[in-house]
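Chemist: What would the 3D arrangement of this be:
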Amino acid sequence: MQTIEVSNTIYNEIVSRRIGKESLSKTLERELKPVKKCARTAELERLRRQPGSDISVVEKRLASKRLEVNTI
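Modeler: From the prediction side, this is the model:
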């Protein structure tokens with residue numbers, strides 16, 4: 001295991017993200033692990049890269065009913 005030095009601010013941030021009595025190394029692994037994107041998010045990102053797409057129409061079509069109700 002390697003040792004790293006971090007500032008007090010960073011240390012406090014890591015400690016604040018712990019779940020229960022989770023070790024600091026497990027907290028770092030969990031926080032830094034890539035998150036799998038849901039199919040809707042991946043589709044939106046793919047469509048945003050395509051030129052000429054009207055993304056607002058696509059976003060409304062893919063949005064869940066719960067999100068549409070909360071839209072301001």
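
Chemist: ok, the residue nearest in space to the middle of the chain to Glu43 distance?
Modeler: Centroid-nearest residue in the chain, with CA atoms, centre = their mean: Val35, separated by 6.5 Å. In this view, Val35 and Glu43 are 16 Å apart by CB to CB, to the nearest Å. For glycine as for every other residue, the C-beta is placed from the backbone atoms N, C-alpha and C.

Chemist: now Lys37
Modeler: Lys37 is 9 Å from Glu43, where distance means CB to CB.

Chemist: sorry, back to before: let me know the secondary structure of the residue nearest to the centre of the chain.
Modeler: Following DSSP: H, G, I helix; E, B strand; the rest coil, we place Val35 in the coil state.

Chemist: Look at Ser56 and report its pLDDT.
Modeler: The per-residue pLDDT reported for Ser56 equals 70.

Chemist: since we're on it, how many residues are nearby?
Modeler: Neighbour count of Ser56, defined by other CB atoms under 10 Å: 8.

Chemist: Okay, and it sits in which element?
Modeler: Element membership of Ser56 [criterion: DSSP states H and E] is helix 55-62.

Chemist: repeat for Ile4
Modeler: Judged by DSSP H and E, Ile4 forms part of no helix or strand.

Chemist: got the phi/psi numbers for it?
Modeler: Main-chain torsions, Ile4, degrees, to the nearest 10: phi -130, psi 150.

Chemist: got the residue ranges for the helices in the protein?
Modeler: Along the chain, counting by DSSP state H, helices occupy 8-16, 24-32, 39-49, 55-62, 65-70.

Chemist: so where's this structure shaky on pLDDT?
Modeler: 52-55, 57-72 (pLDDT under 70).

Chemist: Disregarding residues adjacent in the polypeptide, which is nearest to Leu28?
Modeler: Distance criterion CB to CB, 6 or more residues apart in numbering; nearest residue to Leu28, sequence neighbours excluded, is Ile14 at 6.6 Å.

Chemist: Please report the number of neighbouring residues for Arg48.
Modeler: Neighbour tally, Arg48, other CB under 10 Å: 11.

Chemist: Check the gap between it and Val35 for me.
Modeler: For Arg48, the distance to Val35 - CB to CB - is 18 Å.
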